[in-house]
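**Q** What shape does this take:
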Amino acid sequence: MRIYMNEMKIKDEHPGKNNHRLTFKYFMFLLAKIIKPKMITLEESVNELIKEHDLQDTINSEEKVMLQNFVDFKDLKAYEVMIPRTFIIGITENATFEELKQKFIEEEHTRIPVFRENLDEIIGFVHMKDFILFVGKEDEFKMEKVLRELIYVPRSMKLVDLLTKMRQARIHIAIVLDEYGGTEGLVTIEDLVEEIVGDIRDEHDDSEEPELVKVEGGTITVDGKARIEEIEEKFKVDLAKDEDDFETFGGFILAYLGKIPAIGEKFDHPSGLRIEIIDADKRKIKKAKVRIKD
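**A** Model prediction:
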């Protein structure tokens, strides 16, 4: 894979200091270049960027992970990032308005695949914003009125090609097929972008949950995207003194443990905090319970 590398200037956050930050904009700039005429390799582009701007010692641990994710992206295939068939939440094409409404409420998804007899016959998907147009007009509802197209791809398709296909078709959901034509999994465009930049919000989310929520006693539920300074201030601790540079609580846990922990995993930090992972996936830490050790 080869991409043309334009000159990019990285803004110095602190004038007079050699302290650069790679931001989302630059990763999306490079990502867009993937599907354009190629001149130098993707690895060369990233390595040149690091070398030219002397970023070796100035980017933090989360940014380093993002850089590596970017380099790895070109080699990944659909089956490696898909939501497996067993985790696909779908609904039959014969579902009523009430059944579909209940599915949206229960699953808290904005898009739900629609199938005929089973998941091997997924024929499209319903977006919540189309569905809500029939609130108050339930008698006019028909599944075909809200059914959107999706695309079908082989499990071996490279993510670069899948991203290109999604952009060209302006369709953000793909069904991954096995060698027999059955459904093996599902991939969204968010899944592709998250392979590089981490968690992103759904395009129709208007608000976010609070990053710190008191649940009982001195226990706090913490969002993985919470700023580390918030945790330090809340619990009067210093979490950063012995670890790599990081900005979020999820980044702190990743740096301390050196891995993505499993849901339910607990550990004690030298600062005096006891931390329990309550939500995570293979790419990120979403939520944890935090309290001062007894």
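
**Q** so where do the helices sit in the stretch 51-200 of the chain?
**A** Ranges of helices in the stretch 51-200 of the chain, per DSSP state H, counting those that start in this stretch, are 61-73, 78-81, 97-107, 128-131, 143-146, 159-169, 189-197.

**Q** Any buried residues in the helix or strand hosting residue 234, and which?
**A** Here residue 234, judged by DSSP states H and E, is contained in helix 228-235. Neighbour-count burial for helix 228-235 flags 228, 230, 231, 235 (criterion: 16 or more other Cβ atoms under 10 Å). Where C-beta positions appear, they are placed from N, C-alpha and C, glycine not excepted.

**Q** hang on, isn't the second one packed against residue 220?
**A** So that's residue 230. No. The pair residue 230 / residue 220 is not scored as a contact, 10.0 Å apart, by Cβ atoms under 8 Å.

**Q** and the strand or helix carrying residue 252, what does it pack onto?
**A** If you go by DSSP H and E, residue 252 is part of helix 249-257. Packing partners of helix 249-257 (3 or more Cβ pairs under 8 Å, 6 or more residues apart in numbering; DSSP states H and E): helix 61-73, helix 228-235, strand 285-292.

**Q** let's go with 6 Å and repeat that
**A** helix 228-235 (3 or more Cβ pairs under 6 Å, 6 or more residues apart in numbering; DSSP states H and E).

**Q** returning to what we had before: check the buried residues of helix 228-235 against residue 279 and report the nearest one.
**A** residue 231 (16.6 Å; Cβ to Cβ).

**Q** dump the residue contacts of the closest residue to that closest one other than its chain neighbours.
**A** Distances taken as Cβ to Cβ, 6 or more residues apart in numbering place residue 249 nearest to residue 231, at 5.6 Å, with adjacent residues excluded. Neighbour list for residue 249: 222, 224, 226, 228, 231 [criterion: Cβ atoms under 6 Å, 6 or more residues apart in numbering].
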